[in-house]
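sequence unavailable; structure follows:
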């Protein structure tokens, strides 16, 4: 027990308070850093004196020797991480779906005068007009004009839907590149975290960065995350390692020669990556299932208009006595057009007898509007298209509702997570005062010991 | 629950933006006047609205068809009325000619007038509407009747038996034309009666002229029969048109009920949403301001 024992305790106290103030400063500085977890200094007492042994000094009791910093830790509940990532994955999927369906809705543009339903109506009406003026060339030109407008509308709907597919496809490539760059960065962090852990410290900021990256990753693809005792994180996509303990495997978007769309594969093995959730899954699903479904319904409608109109028009006789002509050419929405056969309005087959005033075929064509020709001759073409639009509305409404729900749930969990991990400025200010006072008190101790020693050293000799 | 400044500010931001979102929705409803603008806003209502809109357009087309049919039939009506007037005059002339006190020169004068009546009757038979012969069946671009002249005049029907149908309501056709051969040559041939009458007058054959009187009556009856048919058709068309007009009115009302925004209601909602928005802004700006930091020195 020497006279400097107490001053040593005060020195440790000063040092520890300073440490704690530094951590407080770091917390305040990073209050708005995304993914940052507040850090805490874990303080503990240094080993008491004397330690039990045979030759211990004979003093009463054990004396405390002061304080030390045991570690600096993140305050975080990893339970929320798992929840956030699951929620993120389904949210990411629904967002992509919602955006895709909204685009399709915009393309169909119903209800509006430019919508297909109205243009189909105009087309049938033009045949009604022709049935009243079969002799008139200008009415005939009107029929050709609305027919051309109808065909163009089908063409445009089809090509716009194809463009949506192309956009989705481009996004697949972007997302795959994002995933690869995150995998690379996580792998680098794994290596650095391992190094820091080896000498016994907590690499808090790197852990934060890694968690944030995995959050981002979980939105794009359904990942499973396993934490090793060494500190490394292993990330699986459906059982295959994206990030392993010491490295990572890249994904690759390979253009499929069949349809020109990207397939997602593992770069090293060339095996297709099985993805069950997240943005990538929703992108490929919207691209390969949702959009094609609407395209094919549109094709069915276009084909049936082409076939029905042609089969009736085939019987008609034009003002120029021509007959057996087709009105539309093409087989679907993409190639529907006015046939070359009827480039002369006089050749439109409004008549069945060949007389100029005979309107019977024009009337038959006008009546196609209410003909039960779709879905096994049970509904009209209008009905078919209307149910297409309604289905689109329902699907889009559901995606929007799911996105809103997912967002709400995500926000809820995120606020729970923030409630644990977020920096509270009030709290940090309180800590600051606490550690500042502790520092001041320790400084007082040093002064006090100094005064004691002053008495002992300077004032005893007189 | 531990609440941090960031949680507070993000919650405030979330509330402000969702309030703003609702405000935008009401604004759109207000400016467009419609409750929904895309299928996902309300798929079921959109389906009804589209169906109703199609029905309205369709009914308007039928009204248009009926109007055009009425034009056609009115034209026929006028023509046939003129034809009956003409035949009454022919009857008078025949009765006048049958009187044996007439000298041959008087009979020739009467015959001249009958000839005029014949030409006039051919013009009526060839009545056309916007260049189309209305009594010629499907052969609308050529005259319905052709008169070949001397020495013995004759009038032949140049049209056919074609029926011109208009669709006046879903799946229902109505013929708008009557064929000239039925009207003028269905019973006693109107033209032949006039030709014969003229010939008999010129020949001074009183007995034959007297016989012609009843033939004139016969052909007059055929024409008035056709006139009655045209009248019935016009009545039907008028009736259908009335019904369609009422349909359009009620369909328009249905459509308005489905898709039109109730302006008073939307404005109320918008106003109350504006208040919520203001409140969110005010409370946000107040709670973000202060923290313990402000009170330390």
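Sure, I can see it. What you are looking at is a predicted structure, and each value in this text was computed from that prediction instead of being measured.

going forward, measure contacts between C-alpha atoms and count neighbours the same way
Will do.

residue ranges in chain B under the pLDDT threshold?
By pLDDT under 70, the low-scoring segments of chain B are B:150-151, B:289.

what ranges does it have for its helices?
Using DSSP state H, the helices of chain B run over B:5-32, B:43-98, B:104-125, B:180-185, B:190-203, B:206-259, B:263-289.

looking at these, which is nearest to residue A:353?
Of all the helices of chain B, it is helix B:180-185 that lies closest to residue A:353, at 18.2 Å by CA to CA.

quick one: check stretch A:348-364 for contact with chain B.
Yes - on the criterion CA under 8 Å from any CA of the partner chain, stretch A:348-364 is in touch with chain B at A:355-360, A:363.

returning to what we had before: redo the helices of chain B as a markdown table? Include distance to chain A.
Putting the helices of chain B into a markdown table (distance: least, CA to the nearest CA, whole Å) gives the following:
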| stretch | distance to chain A |
| --- | --- |
| helix B:5-32 | 6 |
| helix B:43-98 | 5 |
| helix B:104-125 | 17 |
| helix B:180-185 | 14 |
| helix B:190-203 | 25 |
| helix B:206-259 | 11 |
| helix B:263-289 | 12 |
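
using a markdown table, lay out those helices together with mean neighbour count and distance to residue A:434.
As requested, the helices of chain B are exported to a markdown table (neighbours: other CA atoms under 10 Å in any protein chain shown; distance: least, CA to CA, whole Å):
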| stretch | mean neighbour count | distance to residue A:434 |
| --- | --- | --- |
| helix B:5-32 | 16 | 20 |
| helix B:43-98 | 20 | 61 |
| helix B:104-125 | 19 | 115 |
| helix B:180-185 | 22 | 114 |
| helix B:190-203 | 22 | 123 |
| helix B:206-259 | 18 | 64 |
| helix B:263-289 | 14 | 24 |
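
out of those helices, flag the one nearest residue A:168.
Comparing those by CA to CA, helix B:43-98 comes nearest, at 25.0 Å.

still on that earlier bit, which one, of the helices of chain B, ends up nearest to residue A:198?
Between those, helix B:5-32 lies closest to residue A:198; by CA to CA that is 34.2 Å.

now the closest one, how far from the centre of its chain.
Taking CA atoms, centre = their mean, to the nearest Å, one finds the center of helix B:5-32 at 51 Å from the center of the full chain.

now do that helix against helix B:263-289, angle only.
Relative orientation of helix B:5-32 and helix B:263-289, computed by axes from the mean of the first three to the mean of the last three CA atoms, to 10 degrees: 160 degrees.

same for helix B:5-32, what does it pack against?
When contacts are defined as 3 or more CA pairs under 8 Å, 6 or more residues apart in numbering or on different chains; DSSP states H and E, helix B:5-32 sits against helix A:381-421, helix B:263-289.

switch to 7 Å and redo it
In terms of contacts (3 or more CA pairs under 7 Å, 6 or more residues apart in numbering or on different chains; DSSP states H and E), helix B:5-32 is packed against helix B:263-289.

please compute how far the helix it packs on lies from its chain's middle.
52 Å.

and for stretch A:395-408?
On the basis of CA atoms, centre = their mean, stretch A:395-408 is displaced by 13 Å from the centre of the chain it belongs to.

and residue A:43, which of the three is it?
strand (DSSP: H, G, I helix; E, B strand; the rest coil).

beta partners of it?
With DSSP bridges as the criterion, residue A:43 is bridged to residue A:69.

could you give the mean pLDDT of stretch A:244-261?
Mean pLDDT, stretch A:244-261: 93.

what's the answer for stretch A:425-432, then?
Across stretch A:425-432, pLDDT averages out at 92.

buried stuff in it?
The neighbour-count check on stretch A:425-432 (16 or more other CA atoms under 10 Å in any protein chain shown) flags A:425-430, A:432 as buried.

can you tell me what sits against stretch A:161-175?
Among residues not part of stretch A:161-175, those counted as contacts by CA atoms under 7 Å, 6 or more residues apart in numbering or on different chains are A:104, A:220, A:253, A:261-262, A:280, A:283, A:287, A:291, A:295.

okay, now the unreliable bits of chain A?
Where chain A drops to pLDDT under 70, the residues are A:1-2, A:461-462.

quick check: which element contains the residue of the stretch 1-150 of chain A found nearest chain B?
Nearest residue of the stretch 1-150 of chain A to chain B: residue A:110, at 6.3 Å (CA to the nearest CA). Here residue A:110 is covered by no helix or strand, with elements defined by DSSP states H and E.

give me every residue that touches it.
Shown in contact with residue A:110 (CA under 7 Å, 6+ apart): B:38-39.

make JSON lines out of the helices of chain B and add distance to residue A:270.
Converted to JSON lines, those look like this (distance: least, CA to CA, whole Å):
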{"stretch": "helix B:5-32", "distance to residue A:270": "44"}
{"stretch": "helix B:43-98", "distance to residue A:270": "44"}
{"stretch": "helix B:104-125", "distance to residue A:270": "86"}
{"stretch": "helix B:180-185", "distance to residue A:270": "83"}
{"stretch": "helix B:190-203", "distance to residue A:270": "94"}
{"stretch": "helix B:206-259", "distance to residue A:270": "54"}
{"stretch": "helix B:263-289", "distance to residue A:270": "53"}
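
among those, which comes closest to residue A:439?
Checked against CA to CA, the stretch from the helices of chain B lying closest is helix B:5-32, at 27.2 Å.

relative to helix A:381-421, how tilted is that closest one?
For helix B:5-32 against helix A:381-421, the angle by the same axes, to 10 degrees is 160 degrees.

burial count for residue B:131?
Per other CA atoms under 10 Å in any protein chain shown, the neighbour tally for residue B:131 reads 12.

any idea how many residues pack against the residue nearest to it when sequence neighbours are not counted?
Nearest residue to residue B:131, sequence neighbours excluded (CA to CA, 6 or more residues apart in numbering or on different chains): residue B:141, at 7.1 Å. Look at residue B:141: counted by other CA under 10 Å, it has 17 neighbours.

how about residue B:141, what does it touch?
By CA under 7 Å, 6+ apart, the contact set of residue B:141 is A:356, B:132-133.

make JSON lines from those and add distance to residue B:259 to it.
Listed next are those as JSON lines, based on distance: CA to CA, whole Å:
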{"residue": "A:356", "distance to residue B:259": "44"}
{"residue": "B:132", "distance to residue B:259": "44"}
{"residue": "B:133", "distance to residue B:259": "47"}
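
possible to save the residues you listed as TSV with distance to residue A:170 and neighbour count?
Formatted as TSV, those follow (distance: CA to CA, whole Å; neighbours: other CA atoms under 10 Å in any protein chain shown):
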residue	distance to residue A:170	neighbour count
A:356	56	25
B:132	61	21
B:133	64	24
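
tell me which stretches of the stretch 1-150 of chain A form strands.
With DSSP state E, counting those that start in this stretch as the definition, the stretch 1-150 of chain A shows strands at residue ranges A:39-45, A:67-74.

just the residues of stretch A:348-364 next to chain B: which are in strands?
Assigned to strands by DSSP state E, none of those qualify.

can you tell me which of the residues you listed are in helices?
Per DSSP H, the subset of the residues of stretch A:348-364 next to chain B in helices is A:360, A:363.

near chain B, which residues of chain A show up?
Proximity of chain A to chain B (CA under 7 Å from any CA of the partner chain) is limited to residues A:110-111, A:125, A:132, A:355-359, A:386, A:389-390, A:393-394, A:396-397, A:415, A:418-420, A:422-426, A:429.
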